[in-house]
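Colleague: What shape does this take:
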Amino acid sequence: MPIIVKRLLTLVAGLALALGVATALPAAPASAATPCSAVDQQYGKTQVRYSAARTNKKKAVKKVRKAKRVHAKRHTKASKRKLVHARKVNRRATKKLRAAQIRNSNARAAAVRCHNDNSGTTTPPPGAPQQLQGLLQQLGNLGLDPAQLQAVVDQIVAALAGGDLSPEDLAALLQPVVDALAEAGLPADQVSAALAQVLGALAGGNLPSDPTGLLNLVIDALQDGLAGTPLADLNPILQQVQDVLDDVLGGLLGGGGLPLPIP
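Modeller: Sure, this is the predicted structure:
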């Protein structure tokens, strides 16, 4: 595909995301449209860049797998060089993906704060690090009451107390969970229960050091927290969280992914 066409498609996608972000964020008064338009557009740009970083990461992983297969058959210096190069590209793609994910989360939090500041939304309870304030605002917009939000904050503090996760790490793990629960349209009580189960698992200590183990931990806890949810509603939530966390944790899982519940 010509480079000009690619740039045009990227521009169109960025504009579409920037225009569509208002549907994902709380509505603000007409007088507040101008102050928040800049952060909305920035959030749209970071979404495009995050999506591009995910695509590049997947391509890098495929090249590493291909280089491994070729080197296993040939065992030549040339195949070895290609494998080493593919691994370097994969490591760079992983760093860029994580950076893009953090920027996307920060941009979303800024957009949520702007809309909340201009719509009179109650601020979340104190106690959680700044990196998780946007996520708490999002939970408040989903209908969690002050007591439920305070319980989430208490569990966040407990999860961070063990020292296994930084605030940035915890935000990166929780954001896909909250986004999936929000898109599923679950009631506030169900969202609160599912998130409590995930945070309880993360606060248990001795977290797995490998991406597969950590992803399994989150998925299993989320599935337990959504016990009783029909499989037709449960499976899309688990699949969405798995896909995003697979990228966040470095895209190191196999192509088949995790087994989902079977009816």
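
Colleague: what about the residue of the chain positioned farthest from its centre, distance to residue 70?
Modeller: Largest separation from the mean C-alpha position in the chain: residue 76, at 39.7 Å (C-alpha atoms, centre = their mean). Distance, residue 76 to residue 70, using C-beta to C-beta, to the nearest Å: 9 Å. Where C-beta positions appear, they are placed from N, C-alpha and C, glycine not excepted.

Colleague: List the residues that contact the closest residue to residue 158 other than its chain neighbours.
Modeller: In space, residue 158 comes closest to residue 203 once its chain neighbours are excluded; the distance is 4.2 Å by C-beta to C-beta, 6 or more residues apart in numbering. Going by C-beta atoms under 8 Å, 6 or more residues apart in numbering, residue 203 touches 155, 158, 159, 161, 162.

Colleague: Between these, which sits nearest residue 207?
Modeller: Checking those against residue 207 by C-beta to C-beta gives residue 162 as the nearest, at 7.8 Å.

Colleague: mind checking how far the most centrally placed residue in the chain is from residue 62?
Modeller: Closest to where the C-alpha atoms of the chain average out (C-alpha atoms, centre = their mean) is residue 176, at 3.6 Å. Residue 176 sits 22 Å away from residue 62, going by C-beta to C-beta.

Colleague: likewise residue 135?
Modeller: To residue 62, residue 135 is 32 Å away according to C-beta to C-beta.

Colleague: neighbour count winner among those two?
Modeller: The neighbour comparison of residue 135 against residue 62 (other C-beta atoms under 10 Å) goes to residue 135, with 25 against 14.

Colleague: where along the protein do the helices fall?
Modeller: 3-24, 33-74, 77-117, 133-141, 146-161, 167-184, 188-202, 211-225, 231-248 (DSSP state H).

Colleague: Quick one: mean pLDDT over the second one.
Modeller: Averaging pLDDT along helix 33-74 yields 85.

Colleague: now it against helix 77-117, angle please.
Modeller: Helix 33-74 runs at 160 degrees relative to helix 77-117, counting by axes from the mean of the first three to the mean of the last three C-alpha atoms, to 10 degrees.

Colleague: tilt between helix 33-74 and helix 231-248?
Modeller: 80 degrees.

Colleague: Helix 33-74 - contacts with which helices or strands?
Modeller: Here helix 33-74 touches helix 3-24, helix 77-117, helix 231-248, going by 3 or more C-beta pairs under 8 Å, 6 or more residues apart in numbering; DSSP states H and E.

Colleague: ok, now with 7 Å
Modeller: Helix 33-74 sits against helix 3-24, helix 77-117, with contacts defined as 3 or more C-beta pairs under 7 Å, 6 or more residues apart in numbering; DSSP states H and E.

Colleague: what do you get for the third one?
Modeller: For helix 77-117, the contact count by 3+ C-beta pairs under 7 Å, 6+ apart identifies helix 33-74, helix 133-141, helix 167-184 as packing neighbours.

Colleague: what's the angle from it to helix 133-141?
Modeller: 50 degrees.

Colleague: What of the last one?
Modeller: Orientation note: helix 231-248 sits at an angle of 170 degrees relative to helix 133-141 (the same axes, to 10 degrees).
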